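Engineer: Have a look at this prediction, sequence included:
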Amino acid sequence: MKGVLVYRLTHQGQLGAAIRQMRRDRGLTQRQLAEMAGVSTVWLSNAETGKRSVQIDLVFKVLACLGKSLSIDDKPEDILERIADSGGLAGPP
């Protein structure tokens, strides 16, 4: 998918790092993004550094302000197993 940036996340700290990178890519300060999303700068800082568990609804607000969404996908090995079970790449399982 051309133009789509995919972050493969395996733990909470990676989500925070991805949010931080997207914020920086847009030239936003933590204060600006926090105000846009309706969260505190302390919350955003803690979320970006993985220092605390974060409420998923607030993560969705922050991502929306960055023009992003959160998607859950199969692990690569699960996809390969489904392909093998279906006999190839003929179509969705």
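Structural biologist: Looks like it arrived, so ask away.

Engineer: Could you list every helix and strand in contact with the host helix or strand of Glu48?
Structural biologist: Per DSSP states H and E: Glu48 is located in helix 41-49. When contacts are defined as 3 or more C-beta pairs under 8 Å, 6 or more residues apart in numbering; DSSP states H and E, helix 41-49 packs onto helix 12-25, helix 30-37, helix 56-65. Using the backbone N, CA and C atoms, a C-beta is placed for each residue, glycine as well.

Engineer: mind putting these in CSV, mean neighbour count included?
Structural biologist: Listed next are these as CSV, based on neighbours: other C-beta atoms under 10 Å:
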stretch, mean neighbour count
helix 12-25, 16
helix 30-37, 17
helix 56-65, 15
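
Engineer: nearest to Gly50, of these?
Structural biologist: Gly50 lies closest, by C-beta to C-beta, to one member of the helices and strands packed on helix 41-49: helix 12-25, at 3.3 Å.

Engineer: pLDDT averaged over the closest one - what is it?
Structural biologist: For helix 12-25, mean pLDDT rounds to 87.

Engineer: Show me what that helix is packed against.
Structural biologist: For helix 12-25, the packing partners by 3+ C-beta pairs under 8 Å, 6+ apart come out as helix 41-49, helix 56-65.
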